[in-house]
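Trainee: Give me the fold of what follows.
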Amino acid sequence: MTTIIDGKQLAKDLNAQTKDRVASLAQRGIVPGLAVIIVGDDPASAIYVRNKHKKAGQLGINSVVRQLPATISQADLLQVVTEYNQDPAIHGILVQSPLPAGLDEQAVVAHIDPAKDVDGFHPLNVGRLFANLPGHHPVSCTPRGIMTMLDSLHTHLRGKHAVVVGRSMIVGRPMASMLLNADMTVSVAHVYTKDLSALTQQADVLVVATGVTHLIKETDVKPGAIVIDVGMDRDENGKLTGDVDFDGVVKRAGAITPVPGGVGPMTIATLMQQTVDLCEWSEERGTN
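Mentor: As a prediction, the model looks like this:
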């Protein structure tokens, strides 16, 4: 019997834990603060930001949304980031991607205080994850949410083979690092990988994040594998679907995430969790 990994329920449980942590901080007069910077008027970005803002409010996190024009200069955008870097009431800073043409997104991310980098994209935090360094540091939210999902299965991961399809800085590369840090043997596949199916059939844990609708079919999956579908695609009928052919793969997998209702809810829940983490770590350092 295949386990359908219920991302909505796991996110609900995680949000309840986060809300309790926020309430505990409030008793000491501390309110976690999240600043979200959105540049331009990209419709998808506006929806993402609105959802994040709404969820933060429900959990008691002080969410500040800064809407900036697409015509803003690089220097002025960096100055806005500096303001939040220096604001003790803000513990997490997020610059919504993508930025309009003409702005250097990597430079903007690198300008965020690493201790407030709620997305976990700052080069220092990426390096800390890759090196598996001890201590507190934020990590990319989608892969961290996926690790929470894997933990919920109570599956022994050490020594097993994980295959990550996709090598983006948002999902693929940090996901591979987290799985490696969990003592798995990790393979990373991408557009130039030869015989992808032969590789994915070896995976005990298969994470797919490519944006290619139904790239992974039933015959590409090892029987009993855990399959995590990060894709958010539209099929020919406009229906929301993923990178994995769910109807076929569900017959073969041991556990699988649906789309929608799988990884997506966990990403926002993890963002809120990490905002509170940054607040608590700031308190530990005495910088609140």
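Trainee: Over to stretch 255-264 now: how far is its first residue from its last?
Mentor: 17 Å (C-alpha to C-alpha, to the nearest Å).
Trainee: Can you pull out the low-pLDDT segments for this protein?
Mentor: 287-288 (pLDDT under 70).
Trainee: Okay, domains of it per the record?
Mentor: Residue ranges for the domains of the chain, per automatic domain parsing: 28-113, 141-264.
Trainee: Between those domains, which one is closest to Ile5.
Mentor: domain 141-264 (4.7 Å; C-beta to C-beta). Yep, even glycine has a C-beta here, placed from its N, CA and C like the rest.
Trainee: Give me the contacts around the one helix or strand Ala198 maps to.
Mentor: Following DSSP states H and E, one finds Ala198 within helix 196-200. Residues from elsewhere that reach helix 196-200, judged by C-beta atoms under 8 Å, 6 or more residues apart in numbering: 163, 165, 187, 189, 193, 206, 216, 219-222.
Trainee: So for Leu271, what's the nearest residue that isn't a sequence neighbour?
Mentor: Cys141 (4.8 Å; C-beta to C-beta, 6 or more residues apart in numbering).
Trainee: Now intersect the contacts of helix 196-200 with the strands, please.
Mentor: The strands, defined by DSSP state E, take in 163, 165, 187, 189, 206 from the contacts of helix 196-200.
Trainee: Looking at these, which is nearest Val95?
Mentor: Val165 (26.9 Å).
Trainee: how far away is that closest one from Pro100?
Mentor: 30 Å (C-beta to C-beta, to the nearest Å).
Trainee: count of neighbours near Ala16?
Mentor: Number of residues near Ala16 (other C-beta atoms under 10 Å) recorded here: 12.
Trainee: I should have written Leu206 there, sorry.
Mentor: With other C-beta under 10 Å as criterion, Leu206 counts 28.
Trainee: Pull the contacting residues for it.
Mentor: Taking C-beta under 8 Å, 6+ apart as the test, what Leu206 contacts is 162-163, 165, 200, 216, 221-222, 225-228.
Trainee: What does the residue nearest to Leu271 show for phi and psi?
Mentor: Main-chain dihedrals, Cys141, degrees, to the nearest 10: phi -70, psi -40.
Trainee: same deal with Ile226?
Mentor: Residue torsions, per degrees, to the nearest 10, at Ile226 are phi -90, psi 120.
Trainee: For it, list each beta-bridge partner.
Mentor: Following DSSP bridges, Ile226 is listed with bridge partners Val205, Ala255.
Trainee: isn't it right next to Thr257, touching?
Mentor: No. Using C-beta atoms under 8 Å, Ile226 is not in contact with Thr257; the gap is 9.0 Å.
Trainee: Please say which of the two ends up with more neighbours.
Mentor: A direct count of neighbours by other C-beta under 10 Å for Ile226 and Thr257 places Thr257 higher, at 29 against 25.
Trainee: And Ile90, how far from Ala189?
Mentor: Counting by C-beta to C-beta, the gap from Ile90 to Ala189 is 38 Å.
Trainee: any idea where the strands of the stretch 101-250 of the chain begin and end?
Mentor: 161-165, 185-189, 205-208, 226-229, 233-234, 240-241 (DSSP state E, counting those that start in this stretch).
Trainee: For Ala56, find the nearest of those strands.
Mentor: Using C-beta to C-beta, the strands of the stretch 101-250 of the chain put strand 240-241 closest to Ala56, at 24.1 Å.
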